[in-house]
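1. Okay, here's the prediction I keep looking at, along with the sequence it came from:
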Amino acid sequence: MAGKLDLDPRIVARARALAAKAGQPVVDLARSHTTVSVERAVLRLAGVHGADPDGIPWVNRLVDAVRADVGLGHGVAVPVLHAALTTGVEDLTVLAQKAAAGSVRFDVPEKKADVAAARRHAKRAAAGGLKLVDRRRAERDKLIRRYGDPAQRPWIYLIVATGDIYEDIPQAQAAARAGADIIAVIRSTGQSLLDYVPEGATREGFAGTYATQENFRLMRAALDVTSRELGRYIRLTNYASGLCMPEIAALAGMERLDMMLNDSMYGILFRDINPIRTFVDQRFSRQVHARAGIIINTGEDNYLTTADAVEAAHTVTVSQLLNEFFAHEAGLADWQLGLGHAFEINPDLPDSFRLELAHALLARELFPEAPLKWMPPTKHMTGDVFRGNLLDGFFNLAGALTGQGILLVGMMTEAVVTPWLSDRDIALQNVKYVLNGAGNLHEDFVPGPFIRGRANQVLGEAIELLERIVGDTLMDAIADGTFGLMKRPADRGKGLDGVAKQEADYYNPVTEVLA
Amino acid sequence: MAGKLDLDPRIVARARALAAKAGQPVVDLARSHTTVSVERAVLRLAGVHGADPDGIPWVNRLVDAVRADVGLGHGVAVPVLHAALTTGVEDLTVLAQKAAAGSVRFDVPEKKADVAAARRHAKRAAAGGLKLVDRRRAERDKLIRRYGDPAQRPWIYLIVATGDIYEDIPQAQAAARAGADIIAVIRSTGQSLLDYVPEGATREGFAGTYATQENFRLMRAALDVTSRELGRYIRLTNYASGLCMPEIAALAGMERLDMMLNDSMYGILFRDINPIRTFVDQRFSRQVHARAGIIINTGEDNYLTTADAVEAAHTVTVSQLLNEFFAHEAGLADWQLGLGHAFEINPDLPDSFRLELAHALLARELFPEAPLKWMPPTKHMTGDVFRGNLLDGFFNLAGALTGQGILLVGMMTEAVVTPWLSDRDIALQNVKYVLNGAGNLHEDFVPGPFIRGRANQVLGEAIELLERIVGDTLMDAIADGTFGLMKRPADRGKGLDGVAKQEADYYNPVTEVLA
Amino acid sequence: MSIIRPYGDTTGDGMVQLSFTLPIPHDKRAEGAALQLAGKMGMDPAMLVHAKQMGDEFTFFVVYGKVGHLVDTDQVQVVERDYPLLSAKEVNAVIKRRLRRRLNVVGACIGTDAHTVGIDAILNLKGIAGEKGLEYYSELSVTNMGAQVSVPDLVETAREKKADAVLVSQVVTQRDAHLHNTRAMSAAFREALPAGKRPLLIVGGPRFDELMTGELGVDRIFTRGTTPREVASYLVHALIESRS
Amino acid sequence: MSIIRPYGDTTGDGMVQLSFTLPIPHDKRAEGAALQLAGKMGMDPAMLVHAKQMGDEFTFFVVYGKVGHLVDTDQVQVVERDYPLLSAKEVNAVIKRRLRRRLNVVGACIGTDAHTVGIDAILNLKGIAGEKGLEYYSELSVTNMGAQVSVPDLVETAREKKADAVLVSQVVTQRDAHLHNTRAMSAAFREALPAGKRPLLIVGGPRFDELMTGELGVDRIFTRGTTPREVASYLVHALIESRS
Ligand code: B12
Ligand code: B12
Ligand SMILES: Cc1ncc(COP(=O)(O)O)c(C=O)c1O
Ligand SMILES: Cc1ncc(COP(=O)(O)O)c(C=O)c1O
């Protein structure tokens, strides 16, 4: 596939170097801070589970209690395990319940030996969670060996979004039977701004279903049944994003989800979550994903729903380069990088399809080892469902021509409703026709001057923008509306109060292992 | 465009030579016979018009009368004009009326001078019709100079088929405004087997509208208004096929139709019209089209509705080569050869789209100067209209990638109804999206080994078949079900009784000029 | 289950998709008119999701919405196959044993309709969907008259061939051509032959309603997806089994 | 023309296209059930042209046919623009002359809805469809609170900014989220402020029914394709012109 665009390897190397330079300060920031959700994720891996009668998870109650007593800057692991050791309450969930009742107080031990003991126990507890994550990963590997990966590239990715896990399950199974390789359960509109992860099986989401550990478990189990039935391992996707990104990453690892939406800037731009909060949560969640063998899906496609897909094409490239840098830094391998991009050029534009090919091929050749996530048209979809199905067909074709890794299947009703059962069927039939009938057309696709020129132009603009960001800072660029036209200053946005600077004695038994 | 397939020019030349060899006996046959419809066409050009109170045209009455008296083998021109001279009834329509009433008798003059006089007058009368045809052609040239040809290739060809000329007209105008370059008025199901051309404006066709001189005139006038309104010359198409092919060709020339469906074998195969009748009528009608500057559309696409589009691909090529040979022989120039082919491969077949490209490109490169007529999927269209619109989109793309000349726009309701107004609108929107967004993709289309291999294979099979036909005869091949799986022996089929061998003194004032 | 509703993405949501054209230019009133029609069809609420003017006088609409109608599957009327599906071998055996002569079948596509693919699929050796056509059955004597056969010719041939059954195909439906032609055909047979001598009359085509036999004066109607075996089995059933 | 019918290809033919899913596997009975539904919607004759089973329990259908319903365009209810469409200059002039202070507008996307493109199109300088947004109007003071704003925060800000008008956007409609959120919003304003002090309440979004103002407790509803000028003209009309 590589080589159709004649990209100059020196220019590509320069782009990567600039992205590293632009990203490094943010990494430094992430390494020196923690958040309530990072700490809760640690506790989840350490075995704290369940929620109080109001549905507030015990991890929240426990972190809040620790924070009230000693702040967050030391990490919660040492104070919590120290309390466990001193009170003799070894079950951390029970400890959380007691803490919530006000019957436990936390502090940071002063004696070296106490610190060492607390750290040792914390490490052992966290290791339990990580071992579970490892087991799940091995399980996945085994199932893939048994059932096999999809026969074709791109993998076919379908969403379910009924809001009710018990409607989602049969729809997901039906979608898999009809040809989906990956099922994504879309989240309820409100969840990203919840500063806790809901508990249990849920049936009342709006335009999506809550991400809960139990919903993860139910869906994964159902898809295991379907994988067996079909002799093809069906992957499951959810969202490690929003205020609880690190915890959801941990839950995903423990419930064998296979892919997670996880972008370095999506929460900042589209959920108005504080940038620092996001970057700290990001790094941790990616470290967990790396360990869990989860493929991440980044969110550059979203920029093109608010900004123009031609004018802002280079911002997608810049963001992909940054996402790659952050991902590598967090330990993710190239095969785990489902970098996002989308078919969002105004279809009325002359040569719109060829511009799409140029952009898609640029991503392909810049990241040859990454399983790129190719998103369908949404912005220019209208209530004209006949035209919609046609556009989706050309999107599918562009995906096949440019060797995309993960094809998020577009629905003709994009502008109307969250997908109906029949929409998915029609969409899959569309994908199958295109992949079966024209999937090999890349053999006959040799970009001419127009496509090559456009791709090189976008890369050039990306480098210019990266130079500006390096000169300035990434935080300022985000504040200025560089990405998706959204302006998000570093000192604003939701969840900032959940961020703390790490103290010198900060200890995190999970990152210690994952770093 | 040429050269993408690496066709060997020697093989191409051999194919052409074989087609000429296979076609020549049929040409000889056509040159030595005449038919009732050829003779009626002569009379129409000579000015006979109108119909009796039962709707039977005076040309029919006149030819029948001549035939009853002296047979057809001398041609009707001399007997008729001789009668006109001897009776003094100079208006041939009046003569026809008298003949129908039994008050005129016809014979072939014996005296050389009488023959010469009759021929001279016949020639002058026919010249009147041909002059009208020439005037119409000049008119077309002028209008095209004034309004211009379509801005893009392929030209966009749309059908109307309400059965009622007065519903057809506004629909045709709407289609032109929406982007059609060519309007085809589909004929009523029954017309091809009528051995006369109906008269006047008609409103009661089934799945199409009768081809009549008045309907031609009304539609052409309406489209002239629309051409002016749009500043783009809108072409009009009808069918020179069926038992009255020669007459309809004459009427088309006199009413400035711009294209005519006119195939050397369609009537034989799909209307069970006698092969000899068809070939004789064919040759005459093509001579008229050549003079009128009309582009013909051949009917190879039809074979693929009854035969399999992959298995029978080479029969399309063979038929195109034969159609080309017959057309050149009749005086048509390359720019007038809208050779037909179609997107009819089973869409479930792996690489179906690439096979379509191979076939379409083969036609393109075999006939580089011909405005190929590219027909949409019909056979594999189902009631699933969403899928239908998608297939039509890929058909449009194949047309653009392979440089087709005339794009017959497919409708999502192909398997359901003759097109609705909205179907045409949706279909045109489809065409526009594809041509606008991907019309230049041919720049990036460089067929690889699969497509090149397939095209060369089809050409090879075509040559084999031509060799077989040359060894055998074309008539036998037609009798054997070679084309479209239909078996049509030369001594069967409708209209054979309207054929006559030319006598030594056969005279036709039209072919004399056109030959 | 006997009472059901349309399903969009949740059980019982009643969601459907509708599209149509109204002969008025696009404006707010036109959208209201479109919603009025959707309402009359029982859509409530109805969402008008697309409206596009075509030319000066027409507008195309797409509407999504919920219908309140219940579908009672117990009330559904269908023509169920009321005869056993036999293999070619069995069909031949029954004819041989019971009729003791070949069964005569005459087929045609009548009127101006020239779509022979359907009738050929049933009659010709080649068949369809992996099944051989009636010509393959040794005990059936098949005459396929082809396309655009006139009713008098058909009656004449049926008489001549002593047809036990006449199979007629009709594909073109514009202006109800298929219904007119079928009625004309059955009337001609009624006129030409006394009840006892009349062949079994069968019509087929993709757009027939199988429930209309009475109205059309025929014995049986076959539609989309018919296979030769079904027809052969029916012939044996109607002409032999049920007459004994 | 006041009585019209759907148009397929001939005046008065009444033809429409319909598609839906029924929660039953595909067989003849299912097809009959689909036709029963089409019949209840007024399609007669209805042609079932496509049926495809999806999974084990569902079948998708496409039906074409004629509806008998008449559409009476005189009976159509629409919210016609009942105020003049002004230019930005005129809007500013009226406010300056008649109100003698800037008119305060607070906008937000409430509930868990984060689709800001629509409200931004109305409020932000950039605007939409070639028209500048309300921020461009010198006599309007615009506060755009962005997405996922809670109703209490909205009420609080409206009070603080002395909002003359509150503009709320709602795009997500699944489970009628937009209706619930709008009702909650208007109730909160009714509760928090006396009638005379209440800002003008406006909602917008692609799937609202403009006729529902009463039910939702708002003053005006805008839907698909709204432009800033229309909103500005309405504000001037409702807050100034019609109050004098
Ligand atoms: C192939 C085809 C043609 C070929 C026909 C070749 C031939 N020798 O048959 C050609 C190219 C010649 C042709 C021409 C025309 N066609 Co045509 N054609 C089609 C097409 C693409 C497929 C039809 C087909 O072969 N189906 C496959 C067969 C196997 O299915 P079937 O007929 O339904 O048969 C099955 C069952 O119905 C049943 N059955 C059918 N008959 C019988 C009879 C008996 C006794 C039994 C038991 C069962 C049975 O069993 C069969 C096997 O399962 C359709 C569009 C489509 N995709 O459906 C248009 C279509 C049928 N054609 C149409 C038209 C209008 C025409 C023309 C009239 C256009 C014109 N004015 O020029 C012409 C003229 C033909 C004429 N005089 O009738 C329209 C009909 C519209 C309508 N509903 O009225 C269609 C729907 C296309 C369209 N949307 O406009 N056509
Ligand atoms: C862009 C977009 C997004 C972007 C939003 C970015 C942003 N900052 O706004 C992103 C990618 C973030 C996004 C996310 C989601 N989206 Co979204 N999104 C869309 C999309 C593609 C376009 C919407 C749009 O921008 N339209 C353009 C604007 C200009 O039009 P408009 O909103 O109608 O506004 C006009 C008028 O309605 C009116 N108007 C609107 N508001 C107001 C207010 C006032 C006061 C006035 C006067 C006028 C007015 O004026 C505007 C200008 O004319 C649609 C699909 C589509 N093609 O429509 C889906 C769509 C709206 N999204 C949908 C969903 C479900 C989601 C998610 C909830 C999915 C999930 N569970 O993760 C998420 C989460 C968002 C959330 N919490 O709400 C669904 C909603 C389904 C439904 N009917 O309930 C849609 C329809 C897609 C689908 N079929 O599933 N989405
Ligand atoms: C990268 C990424 N994260 C998260 C989301 C949505 O998640 P939520 O709004 O539930 O946070 C999206 C939406 O498509 C996304 O692209
Ligand atoms: C070449 C050609 N001639 C004629 C026809 C149809 O004409 P008729 O009215 O003779 O059936 C067709 C049909 O598509 C055709 O392709």
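-> Structure received. Ligands and ions are numbered 1, 2, ... in the order given.
2. Could you look up the SS state of A:Trp374?
-> Here A:Trp374 is recorded as strand under DSSP: H, G, I helix; E, B strand; the rest coil.
3. Please name the nearest non-neighbouring residue to it.
-> A:Gln404 (3.7 Å; CB to CB, 6 or more residues apart in numbering or on different chains). C-beta coordinates here come from the backbone N, C-alpha and C atoms, glycine included.
4. what sits against the residue lying closest to A:Gly331 once chain neighbours are set aside?
-> Leaving aside its sequence neighbours, A:Gly331 sits nearest to A:Ala290 (CB to CB, 6+ apart; 3.7 Å). Applying CB atoms under 8 Å, 6 or more residues apart in numbering or on different chains, we find A:Ala290 in contact with A:Ala330, A:Gly331, A:Leu332, A:Ala333, A:Gln336, A:Leu514.
5. What of C:Gly55?
-> B:Pro170, B:Gln173, B:Ala174, B:Arg177, B:Ala178.
6. need the strands for the stretch 201-350 of chain A, in chain order.
-> In the stretch 201-350 of chain A, strands defined by DSSP state E, counting those that start in this stretch lie at A:235-239, A:259-261, A:295-297, A:337-338, A:340-342, listed in chain order.
7. Report pLDDT for the residue nearest to A:Tyr506 when sequence neighbours are not counted.
-> Of all residues not flanking A:Tyr506 in the chain, A:Gly75 sits nearest, at 5.0 Å (CB to CB, 6+ apart). At A:Gly75, the pLDDT value in this model is 98.
8. re the thing from before, just checking, the residue nearest to A:Trp374 touches A:Ala360?
-> Yes: the pair A:Gln404 / A:Ala360 is scored as a contact, 6.6 Å apart, by CB atoms under 8 Å.
9. joint contacts of the two?
-> A:Trp374, A:Ala398.
10. Can you give me the neighbour number for the closest residue to chain B within the stretch 151-300 of chain A?
-> Relative to chain B, the nearest point of the stretch 151-300 of chain A is A:Gln152 (11.1 Å; CB to the nearest CB). Using other CB atoms under 10 Å in any protein chain shown, A:Gln152 has 16 neighbouring residues.
11. now do the one 10 residues further on
-> Around A:Thr162 sit 30 other residues, with neighbours defined as other CB under 10 Å.
12. Next, give phi and psi for it.
-> Per-residue torsions, A:Thr162: phi -80, psi -20 (degrees, to the nearest 10).
13. ok, now A:Ile406?
-> Per degrees, to the nearest 10, the backbone of A:Ile406 is at phi -130, psi 120.
14. can you give me the helices in chain C?
-> With DSSP state H as the criterion, chain C has helices at C:28-40, C:88-94, C:117-123, C:151-160, C:177-192, C:213-216, C:228-239.
15. just to revisit the earlier point, give me the neighbour count for the residue nearest to A:Trp374.
-> 26.
16. secondary structure element for it?
-> Using DSSP states H and E, A:Gln404 maps to neither a helix nor a strand.
17. what sits against it?
-> A:Gln404 touches A:Arg153, A:Pro154, A:Ala360, A:Arg364, A:Leu372, A:Lys373, A:Trp374, A:Ala398, counting by CB under 8 Å, 6+ apart.
18. on that earlier part again, and of the contacts of C:Gly55, the nearest to chain D?
-> Nearest member of these to chain D, counting by CB to the nearest CB, is B:Pro170, at 9.9 Å.
19. Would the helix or strand containing the closest one count as contacting chain A?
-> Using DSSP H and E, B:Pro170 sits in helix B:165-178. No: counting by CB under 8 Å from any CB of the partner chain, chain A is not contacted by helix B:165-178; separation bottoms out at 14.0 Å.
20. what's the burial count for the residue lying closest to A:Glu255 once chain neighbours are set aside?
-> If you skip the residues right next to it in sequence, A:Glu255 has A:Phe216 as its closest partner in space, 3.9 Å away by CB to CB, 6+ apart. When neighbours are defined as other CB under 10 Å, A:Phe216 has 21 of them.
21. can you check A:Glu247 too?
-> A:Glu247: 31 neighbours (other CB under 10 Å).
22. can I assume it is in contact with A:Val197?
-> Yes: assessed by CB under 8 Å, A:Glu247 is found in contact with A:Val197 at 5.3 Å.
23. could I get the helix or strand containing A:Gly437 in CSV with only the CA atoms?
-> Assessed by DSSP H and E, A:Gly437 sits inside helix A:421-438. Output of helix A:421-438 as CSV, limited to C-alpha atoms (Å, rounded to 0.1, in the frame of the first residue of the first chain):
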residue,chain,number,x,y,z
LEU,A,421,-32.3,-2.5,12.9
SER,A,422,-33.0,-2.3,9.2
ASP,A,423,-30.6,0.6,8.7
ARG,A,424,-27.8,-1.6,9.9
ASP,A,425,-28.9,-4.3,7.6
ILE,A,426,-29.0,-2.0,4.6
ALA,A,427,-25.7,-0.5,5.6
LEU,A,428,-24.0,-3.9,5.9
GLN,A,429,-25.3,-4.9,2.6
ASN,A,430,-23.8,-1.8,1.2
VAL,A,431,-20.4,-2.5,2.7
LYS,A,432,-20.5,-6.1,1.5
TYR,A,433,-21.4,-5.1,-2.0
VAL,A,434,-18.5,-2.6,-2.1
LEU,A,435,-15.9,-4.8,-0.5
ASN,A,436,-16.9,-7.8,-2.5
GLY,A,437,-17.3,-6.1,-5.8
ALA,A,438,-14.6,-3.4,-5.6
